[in-house]
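1. here you go, sequence then predicted model.
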Amino acid sequence: MVRGMNAMRVFRSDLALARTSVPVSVVRRSRDRIAPHEWCQHLADAAAGPATVTSVAGAAHMVPLTHPQAVVVAIRSTQAAVRAANDGTA
């Protein structure tokens with residue numbers, strides 16, 4: 001766990017996202033001190049493909065564990081936006 005955490009501290013998520021064109025959903029808790037909104041927005045802005053940031057009220061930092069349905073909703077919302085943009089209905 002410690003090795004994994006240390007690796008994540010130096011991993012440049014923004015650079016990795018800049019190299020992918022797949023849709024990205026960044027999901028965070030609404031008052032997350034580990035993943036502040038500004039940093040999450042930076043990640044979304046760095047993504048080469050379409051990206052959204054969703055803040056989940058009442059969630060803990062590990063949103064997929066505490067609010068998995070909110071993650072599903074965020075992903076489906078991003079997916080719908082991408083489909084609409086591709087269909088020209090956005």
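-> In hand now; what should we look at?
2. output stretch 63-70 as PDB, nothing but the C-alphas.
-> Taking Å, rounded to 0.1, in the frame of the first residue of the first chain, the C-alpha atoms of stretch 63-70 are listed here in PDB:
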ATOM      1  CA  VAL A  63     -16.500   7.800  -4.100                       C
ATOM      2  CA  PRO A  64     -16.700   4.400  -5.900                       C
ATOM      3  CA  LEU A  65     -16.800   2.700  -2.500                       C
ATOM      4  CA  THR A  66     -19.200   5.000  -0.700                       C
ATOM      5  CA  HIS A  67     -21.500   6.100  -3.600                       C
ATOM      6  CA  PRO A  68     -21.100   3.600  -6.500                       C
ATOM      7  CA  GLN A  69     -24.400   4.600  -8.100                       C
ATOM      8  CA  ALA A  70     -23.200   8.300  -8.300                       C
END
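3. residues of it that come out buried?
-> Buried residues in stretch 63-70, counted by 16 or more other Cβ atoms under 10 Å: V63, H67, A70. (Each C-beta comes from the backbone N, C-alpha and C, glycine too.)
4. quick one: contacts of it?
-> The contact list for stretch 63-70 (Cβ atoms under 8 Å, 6 or more residues apart in numbering) reads V27, R28, R29, T54, V56, G58, A59, A60, V71.
5. of all those residues, which comes closest to A46?
-> Using Cβ to Cβ, R28 comes nearest to A46 of the contacts of stretch 63-70, at 15.3 Å.
6. partners of the helix or strand harbouring the closest one in the sheet?
-> Using DSSP states H and E, R28 sits in strand 24-29. Strand 24-29 has the following strand partners under DSSP bridges: strand 51-56 (parallel).
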